[in-house]
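Participant: Build me a structure from this.
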Amino acid sequence: MATDYHAEHVGSLLRQPWLLTARAEHRQGRLSDADLRAAEDRAVGENIALQREAGIEVFTDGEARRTNWMTNILESTGGVSVVETQAVTWRRDSGEEPPIDETDFVMTAATSKVFRENRLTNVEAEYMARHVPGQFKITMMSAAMGGILWRPDVSAGAYPDPAELVNDLVALQIEEIADLVARGTRWVQLDSLSYNQVFDADFRAATGNLLDPEIILQASVAADAAIVRAVKDKHPGVTVGMHICRGNNRSAYMAKGGYEPVAERLFGGVDVDRFLLEYDTDRAGGFEPLRFVRPGTVVVLGLISSKVPELESQDGLRRRIDEAARYVPLEDLAISPQCGFASTSAGNVLTVDEEKRKLELVADTAQRVWG
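Facilitator: Predicted structure coming up:
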């Protein structure tokens, strides 16, 4: 059962240098599709081994086949075209801003009616079902974030209202998850970051979003709830998790703010089995909003930073778990890094050995707290 797992990894792992080289050669036409697939298979195999050695029991493929965490929608959806990335300021906790060329990534926008084109998550699931020694999960950007694919200059012809685009993407995601279940997937994770637009007014303004935060919250909760409801109605045995962070790109973040503005409707209205919540710094606020979490829902505390190499104090982690247990029963808590280690191909600024030690800390802390 989903409640039996108290150590979890959010998703991505640092890309192997030789994998990045293979991907570059493929883009240049110097490596075949088959050879790239072989390189990706090798990378995923190494990622599975790393997690097993670290003591993680719910495996991801490290998102090794993706250029970034949003690939399942940005690069696997038809009816879209590449557009200029909207400027977002990325900051590290040191106050430093990483170079723009390190944080930039490809964005797309809907230019006609959307459809499923490249079924990348099916490839991920089929490999994991064959090679994982236990439970595995598939991560995906939630279609609740589909509004980022709407640009008025190119999208309005097909979708006069961005809500229509989100509705189509929700339907496609429900179909995508059904395909994953048919391929042996019993655990999916929706990465849903629209809520940053609600609890960080500065971030909302920086992205040019003029919508009232109440409208954003209502639409995001409705879309996420629809996806989860459709999955649980048809596949009640599938574990559904939702991850929320404040951005993760080259060890930098893009938003800040506590969960209070979204907590009652999100935690009470989206019927996931597990919420994976960033909590590694003061940027995410306190644990008080967890009072709205429905009984029996697992809250995975993202207390360990995937952004920096320094290891957290295990005593400090245990104290914070005890603090969270004032709002959620201890048996319904778990621990993880606050995000992946490589939400984009470039990855965060730490080494594979440091990444592994972070995952070992997750597993060891869970063992000491929950047994």
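Participant: tell me the contacts of the closest residue in space to V298 that isn't next to it in sequence?
Facilitator: Closest residue in space to V298, ignoring its immediate chain neighbours: R274 at 4.4 Å, by Cβ to Cβ, 6 or more residues apart in numbering. Every residue, glycine included, has its C-beta placed from N, CA and C. Contacts were defined as Cβ atoms under 8 Å, 6 or more residues apart in numbering; by that measure R274 touches 2, 8, 239-242, 297-300, 334.
Participant: Let's see which of those residues end up in strands.
Facilitator: Using DSSP state E, the subset of the contacts of R274 located in strands is 239-242, 298-300, 334.
Participant: Closest one to L217 out of the residues you listed, please.
Facilitator: For L217, the nearest member of the ones in strands among the contacts of R274 is M242. The distance, counting by Cβ to Cβ, is 14.6 Å.
Participant: check contacts around the closest one.
Facilitator: When contacts are counted by Cβ under 8 Å, 6+ apart, M242 touches 142, 189-192, 224, 228, 270, 272, 274-276.
Participant: could you dump the residues you listed to a markdown table with distance to V44 and secondary structure?
Facilitator: Output for these, formatted as a markdown table (distance: Cβ to Cβ, whole Å; DSSP: H, G, I helix; E, B strand; the rest coil):
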| residue | distance to V44 | secondary structure |
| --- | --- | --- |
| S142 | 23 | coil |
| Q189 | 17 | strand |
| L190 | 21 | strand |
| D191 | 19 | strand |
| S192 | 24 | coil |
| D224 | 28 | helix |
| V228 | 27 | helix |
| V270 | 29 | coil |
| V272 | 25 | coil |
| R274 | 23 | strand |
| F275 | 26 | strand |
| L276 | 21 | strand |
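Participant: Can you check the residues you listed and name whichever has the most neighbours?
Facilitator: Of all those, the most densely surrounded is L276 (29 neighbours; neighbours counted as other Cβ atoms under 10 Å).
Participant: and T103, how far is that from R23?
Facilitator: For T103, the distance to R23 equals 18 Å [Cβ to Cβ, to the nearest Å].
Participant: What residues does the nearest residue to E97 once chain neighbours are set aside make contact with?
Facilitator: Closest residue to E97 in three dimensions, ignoring its sequence neighbours and counting by Cβ to Cβ, 6+ apart: R91, at 5.7 Å. Taking Cβ under 8 Å, 6+ apart as the criterion, R91 is in contact with 97, 252-254.
Participant: for these, which one is nearest I177?
Facilitator: Nearest to I177 among those is M254, at 27.0 Å by Cβ to Cβ.
Participant: burial count for that closest one?
Facilitator: A count of neighbours around M254, defined by other Cβ under 10 Å, yields 20.
Participant: The residue lying closest to it once chain neighbours are set aside is in what secondary structure piece?
Facilitator: Among residues not flanking M254 along the chain, G247 sits closest, at 3.3 Å (Cβ to Cβ, 6+ apart). For G247, there is no enclosing helix or strand under DSSP states H and E.
Participant: Next one: G247 from M145, what distance?
Facilitator: Taking Cβ to Cβ as the criterion, G247 is separated from M145 by 12 Å.
Participant: got any residues that touch both of the two?
Facilitator: L193.
Participant: most neighbours, which of the contacts of R274?
Facilitator: Neighbours here are counted as other Cβ under 10 Å. On that basis the top member of the contacts of R274 is E8, with 29 neighbours.
Participant: Please tell me I have it right and it contacts I56.
Facilitator: Yes - taking contact to mean Cβ atoms under 8 Å, the distance of 7.4 Å between E8 and I56 places them in contact.
Participant: Quick check: next helix or strand after the helix or strand bottoming out on mean pLDDT in the chain?
Facilitator: Between all helices and strands in the chain, the lowest mean by mean pLDDT, DSSP states H and E belongs to helix 100-103, at a mean of 82. Tracing the chain past helix 100-103, the next element assigned as helix or strand by DSSP H and E is strand 107-116.
Participant: Partner strands of that next one, with direction?
Facilitator: strand 77-83 (antiparallel) (DSSP bridges).
Participant: Can you list the buried residues in the partner strand?
Facilitator: When neighbours are counted by 16 or more other Cβ atoms under 10 Å, the buried residues of strand 77-83 are found to be 77, 79-80, 83.
Participant: that older thread, now do the same contact list for the residue nearest to M254.
Facilitator: Residues near G247 by Cβ under 8 Å, 6+ apart: 88, 90, 193, 196, 253-255.
Participant: which of those sit farthest apart?
Facilitator: The most widely separated members of the contacts of G247, counting by Cβ to Cβ, are W90 and L193 (13.8 Å).
Participant: Please enumerate the helices of the stretch 251-371 of the chain.
Facilitator: 260-269, 314-324, 352-370 (DSSP state H, counting those that start in this stretch).
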